[in-house]
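Novice: Just to be clear, the model below is a prediction. Sequence and coordinates:
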Amino acid sequence: MATLPEKFSNYTKFISFILKYWNSDVFKAAAGNALNNENIHDSEHDYDNPQELAEDLKNMGPTYVKLGQLLSTRPDLIPESYLKALESLQDNVDVIPYSEVQKIVEKEIGQRISKAFDSFDTEPLASASIGQVHLAVLRSGKKVAVKIQRPGVRTNFIEDLDTLKELTDAAVKHSKTAKKYAVNDILDELRYILLQELDYVKEAENLVALGKNMVKYTRIVVPQPIEGYSTSKILTMDYIDGQKITTISSVSRIETNYKPLVDELVAAYLRQIIIDGFAHADPHPGNVHLTKDHKIALMDLGMVAKFGPDLRENILKLLIAISKFNGEETANVLLKMSEYDKNADLADFRKQINRLVLDSQHKTAKDMQTGRLLIQMNKIAAEKAIKLPVELNILGKILMNMDQIVAVLTPDYDLQRAIERNVEKMMQKKMLEELKPKNFFSEALEAKKLTEKLPERLNIITERLANNEFEIKIDAIDEQRLTDGFQKVANRISIGLIIAALIIGAALLMRIPSTFVIWGYPALAMILFCAAAVIGLWLVLKMMLKDEDLKLRK
């Protein structure tokens, strides 16, 4: 737990950063893009020093570097010049000295590096915000990649996330905008994802699970962990000899037909999302490599997304509705998977979603981006007080990253049509799967229970009907509350009559001379007037306070 000076330092660091960039062009452009404001373009703003933003994030620590990395995969929000600067955070971080690496590895595996490995490169293959990767060779001669977690990074992450949580909780409490966009829920999801990414044992399990799920896709490679050489702080896995998707030359694209490879990549990701409910959640170009034998390797399984059965079914329906440009069905599916109350503007939500989907129908295959469409739908939902599942935003991010990868390999590829083709196949497969005998077992068990209990329940019902004991209770009106309301109305009418009688009596007494006067008027009349005024004021206050309390309890 952070000490008071450390907390103060964390607050100061974050608030200084916000104050510095609050009125900057990057924040203005992000807000405009989030609102889908087409009047905001790069040419209208002076993006004078995007590299400074990346450097400031680096100086703030690994948590903010990770946040910067996440922003670098959001071309829907961040201007292109800033995207390039933030992309550098994926590689351009300080290297952990080899002496420190050696200590960590030897402590984790319980033996000297020279004994555990035949060779271990002192220079890293890559260095990232959480850890860095070294090439090594096992005693068996197998090449492996060893990922080492940065020392103290877990503590730093937790402290920074705690600071952000306190600030976002305060923002949600005092800001309608922060509450509307549920920034605290977003941070909770981010916290969960990042803490999962810090556990290399979990990442090893993710590699194994995804490897099994992708076994039928011969062009997709998932590096597997090496048993006995991995712990929570180091991860040893198969070495993939390849290059980042973004480094592929234009000559290579001309000489090689990457369309079959992209077809399989799209099918593999849709299977992860819709069939398996377990997906690689961070497929930015830096985590997707092209091997020398023209296969795609999915790297870095620290960040995964999980989709439950009901959500998977709704996502399938949603993608089909979007592919058919059916705006009404799209809105219906979104509402089915969302949360909202009586303040939600459902009519306007349906209208805007329908308009968004229909507008996308006239875009070219190159411009049509399902991921961006989902992000815009999240934006509309937030504006209308409708809370969509966080997983839908993650899905939008996955598909947006897919757009970038596809654009590099096959610029003219129709990703929207490929999604439509695959989801139709998956729908057919899902229907056939549900018709298999094994899927009727649970329904058969429920039918068996109903059959066993039905005669007994029918006997009870008929017996009560015969004895005139059958009752139907409808909880439609709160009788006690209704009775209390009538009683309050009667009481108020009675008090009103008493006040009227006091006022009339006082008025009559005013005409009767008396030696006992107050302010020159008969004393008894003045007392009655004052009593009527006090009772009347008390009644008014009680009515106002009680009625307001009733509104709050509704």
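Specialist: Nice, I can see it. Numbers count the residues shown, from 1 in each chain.
Novice: Which strand or helix spans the nearest residue to A506 once chain neighbours are set aside?
Specialist: In space, A506 comes closest to L528 once its chain neighbours are excluded; the distance is 3.6 Å by CB to CB, 6 or more residues apart in numbering. Placement of C-beta: from N, CA and C, glycine included. Element membership for L528 (DSSP states H and E) is helix 523-553.
Novice: could you give the mean pLDDT of that helix?
Specialist: Helix 523-553 shows a mean pLDDT of 69.
Novice: now do stretch 390-405
Specialist: Mean predicted confidence for stretch 390-405 is 84.
Novice: same question, stretch 416-429
Specialist: On average, stretch 416-429 scores 81.
Novice: How about stretch 221-229?
Specialist: 93.
Novice: Now that stretch: buried residues?
Specialist: By neighbour count with 16 or more other CB atoms under 10 Å, stretch 221-229 contains the buried residues 221-223, 225-226, 229.
Novice: shaky segments in the stretch 101-250 of the chain?
Specialist: Filtered on pLDDT under 70, the stretch 101-250 of the chain yields the residue ranges 177-178, 180-183, 186, 189.
Novice: where do the strands sit along it?
Specialist: For the stretch 101-250 of the chain, the strands defined by DSSP state E, counting those that start in this stretch occupy 117-120, 126-127, 131-138, 143-149, 220-221, 234-238, 242-244.
Novice: quick check: angle from the fourth one to strand 234-238?
Specialist: Think strand 143-149. 160 degrees (axes from the mean of the first three to the mean of the last three CA atoms, to 10 degrees).
Novice: quick one, helices of the stretch 101-250 of the chain?
Specialist: 113-116, 153-174, 176-180, 183-197, 200-213, 250-255 (DSSP state H, counting those that start in this stretch).
Novice: Can you tell me the closest non-neighbouring residue to I273?
Specialist: Residue nearest to I273 in three dimensions, not counting chain neighbours: A279, with 5.0 Å by CB to CB, 6+ apart.
Novice: which residues does the one you found bridge with?
Specialist: A305 (DSSP bridges).
Novice: Count residues in the vicinity of it, would you?
Specialist: Using other CB atoms under 10 Å, the number of residues around A279 comes to 25.
Novice: And the residue sitting nearest the centre point of the chain, how far from I113?
Specialist: In the chain, the residue lying closest to the centroid (CA atoms, centre = their mean) is V390, at 2.6 Å. Computed as CB to CB, to the nearest Å, the V390 to I113 distance reads 41 Å.
Novice: One more: K430?
Specialist: Counting by CB to CB - K430 and I113 are separated by 49 Å.
Novice: Please apply the same query to Q369.
Specialist: Distance from Q369 to I113, by CB to CB: 46 Å.
Novice: Comparing the two, which shows the higher neighbour count?
Specialist: More crowded of Q369 and I113, by other CB under 10 Å: Q369, with 23 against 18.
Novice: Contact partners for the more buried one?
Specialist: Contact analysis of Q369 by CB atoms under 8 Å, 6 or more residues apart in numbering lists 399-400, 403, 415.
Novice: Next: E52.
Specialist: Counting by CB under 8 Å, 6+ apart, E52 has no contacts.
Novice: Helix, strand or coil: sort out it for me.
Specialist: Judged by DSSP: H, G, I helix; E, B strand; the rest coil, the three-state class of E52 is helix.
Novice: quick one: A531 and A501 touch, right?
Specialist: No - contact criterion CB atoms under 8 Å: A531 and A501 do not qualify, at 10.7 Å.
Novice: which one of those two has more residues nearby?
Specialist: Shown here are A531 and A501; by other CB under 10 Å, A531 has more neighbours (15 against 12).
Novice: Spatially nearest residue to the more buried one, not counting backbone neighbours?
Specialist: L502 (5.6 Å).
Novice: Equivalent analysis for Y64, please.
Specialist: Spatial nearest neighbour of Y64, excluding adjacent residues (CB to CB, 6+ apart): L57 at 4.6 Å.
Novice: most neighbours per residue, which of the helices of the stretch 101-250 of the chain?
Specialist: helix 200-213 (a mean of 19; mean count of other CB atoms under 10 Å).
Novice: Now do that helix: distance to the chain's middle.
Specialist: 22 Å (CA atoms, centre = their mean, to the nearest Å).
Novice: next one: stretch 288-300
Specialist: Taking mean C-alpha positions (CA atoms, centre = their mean), stretch 288-300 and its chain are 28 Å apart.
Novice: mind listing what's buried in it?
Specialist: Those would be 288-290, 295-300, for stretch 288-300 by 16+ other CB under 10 Å.
Novice: In CSV, list the C-alpha atoms belonging to it.
Specialist: Taking Å, rounded to 0.1, in the frame of the first residue of the first chain, the C-alpha atoms of stretch 288-300 are listed here in CSV:
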residue,chain,number,x,y,z
VAL,A,288,0.6,-10.2,-35.0
HIS,A,289,3.7,-11.5,-36.8
LEU,A,290,4.2,-12.9,-40.3
THR,A,291,6.5,-16.0,-40.2
LYS,A,292,9.0,-16.9,-43.0
ASP,A,293,6.7,-19.7,-44.2
HIS,A,294,3.8,-17.2,-44.6
LYS,A,295,1.8,-18.0,-41.5
ILE,A,296,0.4,-15.6,-38.9
ALA,A,297,1.6,-15.9,-35.4
LEU,A,298,-0.5,-14.5,-32.6
MET,A,299,1.8,-13.1,-29.9
ASP,A,300,1.4,-11.8,-26.4
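Novice: okay, now the spatially closest residue to T246 that is not a sequence neighbour: neighbour count?
Specialist: Leaving out its chain neighbours, the residue that sits closest to T246 by CB to CB, 6+ apart is P285, at 4.3 Å. By other CB under 10 Å, the residues close to P285 number 19.
Novice: right, and P285 touches A407 too?
Specialist: No - counting by CB under 8 Å, A407 is not a contact partner of P285; they are 9.7 Å apart.
Novice: Give the other helices and strands that the one helix or strand L311 maps to contacts.
Specialist: Here L311 sits within helix 309-323, counting by DSSP H and E. Here helix 309-323 touches helix 327-336, helix 346-360, helix 370-383, helix 390-409, helix 415-434, going by 3 or more CB pairs under 8 Å, 6 or more residues apart in numbering; DSSP states H and E.
Novice: CA atoms only: put it into PDB for me.
Specialist: Presented in PDB, the C-alpha positions along helix 309-323 are these (Å, rounded to 0.1, in the frame of the first residue of the first chain):
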ATOM      1  CA  PRO A 309     -22.900 -18.000 -24.000                       C
ATOM      2  CA  ASP A 310     -25.800 -15.500 -24.000                       C
ATOM      3  CA  LEU A 311     -23.500 -12.600 -25.100                       C
ATOM      4  CA  ARG A 312     -21.900 -14.800 -27.800                       C
ATOM      5  CA  GLU A 313     -25.400 -15.500 -29.200                       C
ATOM      6  CA  ASN A 314     -26.300 -11.800 -29.200                       C
ATOM      7  CA  ILE A 315     -23.000 -10.800 -30.800                       C
ATOM      8  CA  LEU A 316     -23.700 -13.300 -33.600                       C
ATOM      9  CA  LYS A 317     -27.200 -11.800 -34.100                       C
ATOM     10  CA  LEU A 318     -25.700  -8.300 -34.000                       C
ATOM     11  CA  LEU A 319     -23.000  -9.000 -36.700                       C
ATOM     12  CA  ILE A 320     -25.700 -10.600 -38.900                       C
ATOM     13  CA  ALA A 321     -28.000  -7.600 -38.500                       C
ATOM     14  CA  ILE A 322     -25.100  -5.200 -39.300                       C
ATOM     15  CA  SER A 323     -24.100  -7.200 -42.300                       C
END
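Novice: And that helix, what's buried?
Specialist: 311-323.
Novice: Need the max-distance pair from the residues you listed.
Specialist: With distances taken as CB to CB, the most widely separated pair in the buried residues of helix 309-323 is L311 and S323, at 18.4 Å.
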